[in-house]
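**Q** Here is my input, please return the structure:
(chains A, B and C)
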Amino acid sequence: MNAPLIGQSVKRKEDQRFLIGSARFTDDITLQGQAHAHFLRSPHAHARIRSIDIERARSAPGVVAVYTGDDLAKAKVGGLPCGWLITGVDGKPMKEPPYPALAQGKVRYVGDRVAVVIAETLNQAKDAAELIEVDYEILPAVVKAADARKSGAPAVHDIAPDNTCYVWGLGDKAAVDTAFKSAHHVTTLEFINNRLIPNAIEPRAAVASYSRGDDAYTLYVTTQNPHVERLLMTAFVLGLPEHKVRVIAPDVGGGFGSKIYLYGEEVVLTWASRQVNRPVKWTAERIESFQSDAHGRDHVTKAELALDKNGKFLAMRVTTTANMGAYLSTFSTCIPTILYATLLAGQYTTPAIYCEVTAVFTHTAPVDALRGAGRPEATYVVERMVDTAARELGIDRVEIRRRNFIKTFPYQTPVALCYDTGDYEATLTDALKLADVAGFEARRKEAEKRGKLRGLGYSTYIEACGIAPSNVAGALGARAGLYEAGEVRVHPTGSVTVFTGSHQHGQGHETTFAQVVADRLGMPIENVDIVHGDTGRILFGMGTYGSRSIAVGGTAIMKALDKVIAKGKKIAAHLLEASESDIEYDRGTFTVAGTDKKKSIAEVAFAAYVPHNYPLDKLEPGLNESAFYDPTNFTFPAGSHICEVEIDPATGATRVVNFTAVDDFGKVINPMIVEGQVHGGVAHGIGQALLEGCVYDPQSGQLLTGTYMDYTMPRADDLPSFKVGMRETPCTHNPLGVKGCGEAGAIAAPAAVMNAVIDALAPMGIRDIEMPATAERVWRAIQSAKAKK
Amino acid sequence: MDISVSLTVNGKPVAATLDARTLLVQFLRERLGLTGTRVGCDTGQCGACTVHVNGRAVKSCNILAAQAQGAQVVTIEGIAPDGTLHPMQEAFRNHHGLQCGYCTAGMVMNAIELVKKHPNPSEETVRAGLEGNFCRCTGYHNIVKAVLAGAAAMRR
Amino acid sequence: MRAFDYHRPKSVKEAISILRKVENARPLAGGQSLIPSLKLRLSGPPALVDLGAIEEMRGIKVDGGALTVGALATHAEVAASKDVVHGIPALARLADGIGDRQVRNQGTIGGSLAHNDPAADYPAAVLGLGATVHTNKRAIAADKFFTGTFATALKPGEIITSVTFPLPKRAAYVKFRQPASRFALVGVFVSEGGGAVRVAVTGAGGCVFRQKAMEKRLAENFTPDAVARVKVAPDELNTDIHASAEYRAHLVGVAAQRAVETALAGK
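**A** Predicted structure coming up:
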């Protein structure tokens, strides 16, 4: 029998192809006869299209075809659907404006797709696009969430004249109002959660082809969930039968949410591949990624926390305006609602919470899930409020957390979620030690001698992963299931191929899932391969987002493994001439209980495929099982992050000098991979706090952070090395005890960083600084604090 | 305008006639099929396209193929004999220095030249040396570890 | 990129004759700014004249109290040159902080100066050291070379061949980086030598400029305190999403003080 694999830092199986340059990303795919597409995009934030003249472009050298929104409308190509229906406090459904793949009548953000040029070469397509003449009537634009509902703000869509998509609420408003009346202290803060641009390093890309002989399409595309892509495209947009469309997500270079959604480009390419009867390829230039990938965050929030004199939280009231952008991207509407307001209890026993969210349309790129998706925004509100309240009440920031921690589980929060398990004190205690909080005061004094300000910030966060179950989500407006599918195929001589509906784009599933399978089947990990990202090979899948892969996708595989083993027991019973009930199974070996009679899984598999000695009257040959798994609850990873910053008061320049994360992801399959996920998430979170911020010009609606010259990506020298620790409180409702780890860092870190910044500046009387805390913002806060004194 | 270019790529002489506006990275990927070198941006920042030109790490999306006339170009496909890994590649694997793998070739190519210039670099030198390579997955933590380990291996 | 004709001359003479023949032809040095602007179709010259094969524009040497850097010297070559490191260490360090390693391996001093990006580093060194820009036609004093945003004294058909820097008694460059591009949000080059003090500021305005009030104070008393007493007016400085004019003005003061400190530390 092989040693256990779960919990081992197994080196990644997938690394080889990336290291030697033989991986296959979408842009690496070249199909015979392929033409190249270039999208002409709107240079204006808001304009009426009076006319489009494509004649000169059409006759330019190498041009195969030019299409506009009119062509799609004539062909009855549908708009892009939104996957989650939110019902407002007024009981009415959200406003759901049409979202055409190519603009029809109006453009609504800079980068909105206006036309596509398909040509023999990319240069020819781009040359021809310069010949398209669009007569725009430029209209006024609104880009900020806070301005969208002001009187006189230009309407993005006629069906929503006040730019309101919905006003939604969660929690017991009356109970909250009552609690506030008797509060000893109320802490109030207003926040802007800065808009981020996702910036996966691989730009979005697609290659679509159509086969006349089979009347079938193949689409290679940078997606996190190929089956969802196919479902949306066939059922809602192109009206094709699913069996005629194969969607393949080959190696995908990072997603972070931005590659979950169905985008217009891939719709246009798929449709056009049939029109021009040849493969068509498109790869976004980075400037297109900036303009047209779905952005993240962009909330304006007012929060109030009511406390008693001991610092116990009595109630919280949160009012948020969320920017949806110009159109409703695939999962946009559930992010600032279902994945935000439900997290406002954090790790605390706050008995009453009410949150009201107003989602607004603006003349900006659509906003959707981005690493964390709602949960970073919620954590930022809660954790900034907790630090601020502690300071106002003169209670130690660690102590106030301890006084309010949830300590018994399961715990029903006042905002719908029921936490199954956790140990918040444990992660906090570990983090205090790992971060050497005891030594902070000495470090602060040493920094002071050098003229620098040091601050320490905490973020004790919770997240909810693996959104579920489907029936509850459905009642809340989900228009899709939230299960996952898996299939385990044991080959005749005992090697295994696993097909999963999860998709990896950096997460290391090919290793982690193989560890799970090899461990359960008691075979070397080399004998197990994981296949993902192809609707032609995998029965179904909901894909990878919301840190769901191991908890939902992994469990589906576990269920399929259970079926393999159950069938294996029947076969082994026959081979060993024993009763099925006497067969025991342990990592790869079937044994007759109390004897040394046994068969390996490979022997059983061989018998299943070469059924010469086999109960053919009772059992089908073969050893191939599939399963769907729909979770009964979310999983609830949680932990404590501690950030230490140093500020140069002369310039305001702020650096993270130490960052410690102690997380509880439940059972950890591969610590090396999990730690890597934490590092990436933390860097993303530090980026949000100190560096990254999407800026549109408030008058013209131009994207001012449209290249890497102006949008600050975290670089190696912006960050320190991180200290990472783990606690394992197994999830109670999946067989692996796993919770999910991909987003934790991005969720926890912004609050930890900003709490540290404020800690450094609090002695000057500074209470808040807007993210990203750029050098100038910090310097200005210091100047105005000095001026007040 | 079509022009003729001849250079050496991964030790092999190559010659081609191409549109003058062909970038070195386009030539490598589209004409030579060396797709291990990748493009992540338009403005010469992300570094995914880093290759060696006459021994120097250069962003191949930020020079014309024509500018590499007569040059020795080495890509990720050419740093180790078939079936083996360069010590820097090995270090990236051992230290989980890659996740999605898109930035990896550029990281490795820059790291190798960095270590040739600074055979025993500090963490600070490595971080500063990687400023021209973006990674969104790893937070750079394990890349830095990998480069330090790769440097140690290259010294041996 | 729009289509263009491409030439790769082997001598300055040949380059000039092509540039004179083809209207609006652009010289191409390292291309680290030009290539991205062509890719984004922000410019589309009819022809590029690639200077990369012109050997006479290479090389770095010290001669008679001056350092001469060939226009095609890359930032990495300048940063690593023993002559530069010994002669004007501040210039070596400045070169070592331009862009990133890969850009420094390809970008050239001549290209940077001809482009005259208002946030580039080299213009601060050239103006801050009182260098002389040599072209195929003439020698241009630094004070006459930088004429405006992305504008220089270069005429059509004229290219930079080398730059000569007088060796200063002491000098230093301090830069606060624009966080995204890593260009100078504000960079200040301070030098003392030949009986004069120069303070050149990049990143803050539409074009590199001398901070004469600081120069005057420093000529009297080369100390950080002398600079600290100069109030920098934000009036003609840039405001953009990365910094206001007021903040830039403040940073000019901080950078100048720190540059003087560094220069005095003798490194």
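**Q** What count of nearby residues applies to residue C:229?
**A** The number of residues packed near residue C:229 is 11, by other C-beta atoms under 10 Å in any protein chain shown. Any C-beta I mention is one placed from the backbone N, CA and C, and that applies to glycine too.
**Q** Surely residue B:3 and residue B:18 touch.
**A** Yes - here residue B:3 reaches residue B:18: they are 6.7 Å apart, a contact under C-beta atoms under 8 Å.
**Q** in chain B, what residue sits furthest out from the centroid?
**A** Among residues of chain B, the one most distant from the C-alpha centroid is residue B:1; the distance is 28.4 Å, by C-alpha atoms, centre = their mean.
**Q** Look up how far chain A lies from residue B:104.
**A** Using C-beta to the nearest C-beta, to the nearest Å, we find residue B:104 at a distance of 5 Å from chain A.
**Q** check contacts around that residue.
**A** Counting by C-beta atoms under 8 Å, 6 or more residues apart in numbering or on different chains, residue B:104 touches A:18, A:19, B:76, B:92, B:97, B:98.
**Q** So residue A:228: helix, strand or coil?
**A** Assigned by DSSP: H, G, I helix; E, B strand; the rest coil, the conformation of residue A:228 is helix.
**Q** what's the pLDDT at it?
**A** Per-residue pLDDT puts residue A:228 at 96.
**Q** And for the one 10 residues further on?
**A** Per-residue confidence (pLDDT) for residue A:238: 97.
**Q** follow-up on the earlier one: name the nearest of the contacts of residue B:104 relative to chain C.
**A** If you rank the contacts of residue B:104 by distance to chain C using C-beta to the nearest C-beta, residue B:76 comes first, at 14.6 Å.
**Q** Just give me the neighbour total for that closest one.
**A** 29.
**Q** quick one: contacts for it?
**A** By C-beta under 8 Å, 6+ apart, the residues touching residue B:76 are A:19, A:20, A:21, B:36, B:37, B:51, B:104, B:105, B:108, B:109.
**Q** Tabulate the contacts of residue B:104 (CSV), appending pLDDT.
**A** Listed next are those as CSV, based on pLDDT from 0 to 100:
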residue, pLDDT
A:18, 98
A:19, 98
B:76, 98
B:92, 98
B:97, 98
B:98, 98
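**Q** any idea how far residue C:262 lies from chain B?
**A** As judged by C-beta to the nearest C-beta, residue C:262 and chain B stand 18 Å apart.
**Q** taking the contacts of residue B:76 one by one, which sit in strands?
**A** The members of those that map onto strands under DSSP state E are residue B:51.
**Q** Buried among the contacts of residue B:76? Make that a PyMOL selection.
**A** Filtering those down to the buried ones (16 or more other C-beta atoms under 10 Å in any protein chain shown) takes a single PyMOL command:
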select buried, (chain A and resi 19+20+21) or (chain B and resi 36+37+51+104+105+108+109)
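**Q** so of the contacts of residue B:76, which ones are in helices?
**A** Here DSSP state H is the test, and these give A:19, B:104, B:105, B:108, B:109 as lying in helices.
**Q** quick one: which of the residues you listed is nearest residue A:325?
**A** Closest to residue A:325 out of the ones in helices among the contacts of residue B:76 is residue B:104 (32.1 Å), distances taken as C-beta to C-beta.
**Q** for the closest residue to chain B within the stretch 101-250 of chain C, helix, strand, or coil?
**A** Closest residue of the stretch 101-250 of chain C to chain B, C-beta to the nearest C-beta: residue C:105 (4.0 Å). In terms of secondary structure, residue C:105 is helix; the call rests on three-state DSSP.
**Q** need the residues of chain A near chain C, please.
**A** A:123, A:126-127, A:130, A:287, A:650-651, A:653, A:691, A:695, A:704-705, A:708-713, A:718, A:774-776, A:779-780 (C-beta under 8 Å from any C-beta of the partner chain).
**Q** Keep only these that also lie close to chain B.
**A** Answer for those near chain B (C-beta under 8 Å from any C-beta): A:123, A:287, A:708, A:709, A:713.
**Q** and the second one, what does it touch?
**A** Contacts were defined as C-beta under 8 Å, 6+ apart; by that measure residue A:287 touches A:706, A:707, B:42, C:40.
**Q** surely the last one meets residue B:41?
**A** No - in this structure, residue C:40 is not within contact of residue B:41 by C-beta under 8 Å, at 10.8 Å.
**Q** ok, these two, which is more surrounded?
**A** residue B:41 (28 against 15).
**Q** I'd like to know how far that one sits from residue B:29.
**A** 15 Å (C-beta to C-beta, to the nearest Å).
**Q** again, but for residue B:129
**A** 25 Å.
**Q** and what of residue A:168?
**A** On the measure of C-beta to C-beta, residue A:168 and residue B:29 end up 47 Å apart.
**Q** Need the residues that contact stretch C:150-164.
**A** C:12, C:15-16, C:19-20, C:27, C:51, C:56-57, C:66-71, C:109-110, C:113-118, C:126, C:131-137, C:139-140, C:144-147, C:207.
**Q** mind checking how far that stretch is from the chain centre?
**A** 12 Å (C-alpha atoms, centre = their mean, to the nearest Å).
**Q** end-to-end on that stretch?
**A** From its first residue to its last, stretch C:150-164 covers 21 Å (C-alpha to C-alpha, to the nearest Å).
**Q** How about stretch A:96-114?
**A** Stretch A:96-114 has an end-to-end distance of 21 Å (C-alpha to C-alpha).
**Q** Can you give me every residue that contacts the residue in chain B that chain C sits nearest to?
**A** In chain B, no residue comes nearer to chain C than residue B:132, which is 2.7 Å away by C-beta to the nearest C-beta. Residues near residue B:132 by C-beta under 8 Å, 6+ apart: B:45, B:47, B:50, B:59, B:110, C:99, C:100, C:101, C:102, C:103.
**Q** How far does stretch C:7-16 stretch from one end to the other?
**A** 11 Å.
**Q** Provide the contact partners of it at residue level.
**A** If you take C-beta under 8 Å, 6+ apart as the criterion, stretch C:7-16 is touched by B:66, B:69, C:18, C:25, C:27, C:47-57, C:136, C:157-159, C:161.
**Q** Of those residues, keep whichever come out buried.
**A** The neighbour-count test (16+ other C-beta under 10 Å) marks B:66, B:69, C:18, C:25, C:27, C:47-54, C:57, C:157-159, C:161 as buried among the contacts of stretch C:7-16.
**Q** Which ones among the residues you listed map onto strands?
**A** Using DSSP E, those in strands are C:27, C:47, C:48, C:49, C:50, C:161.
**Q** Could you point out which of those residues is nearest to residue A:197?
**A** Nearest member of these to residue A:197, counting by C-beta to C-beta, is residue C:48, at 32.1 Å.
**Q** Spatially nearest residue to the closest one (excluding sequence neighbours)?
**A** Take residue C:48 and drop its neighbours on the chain: the residue closest to it by C-beta to C-beta, 6 or more residues apart in numbering or on different chains is residue C:28, 4.6 Å away.
**Q** Does that neighbour touch residue C:51 like I think?
**A** Yes - between residue C:28 and residue C:51 there is a contact under C-beta under 8 Å: 6.5 Å.
**Q** Spell out which parts of chain C neighbour chain A.
**A** So far as C-beta under 8 Å from any C-beta goes, chain C lies against chain A at C:1-3, C:40-41, C:176, C:179-181, C:183, C:241-244, C:247, C:250-251, C:254.
**Q** Show me which residues of chain B sit near chain C.
**A** Counting by C-beta under 8 Å from any C-beta, the residues of chain B near chain C are B:1, B:3, B:19-21, B:23, B:42-45, B:47, B:50, B:53, B:56-59, B:61-64, B:66-67, B:69, B:110, B:113-114, B:129, B:131-133.
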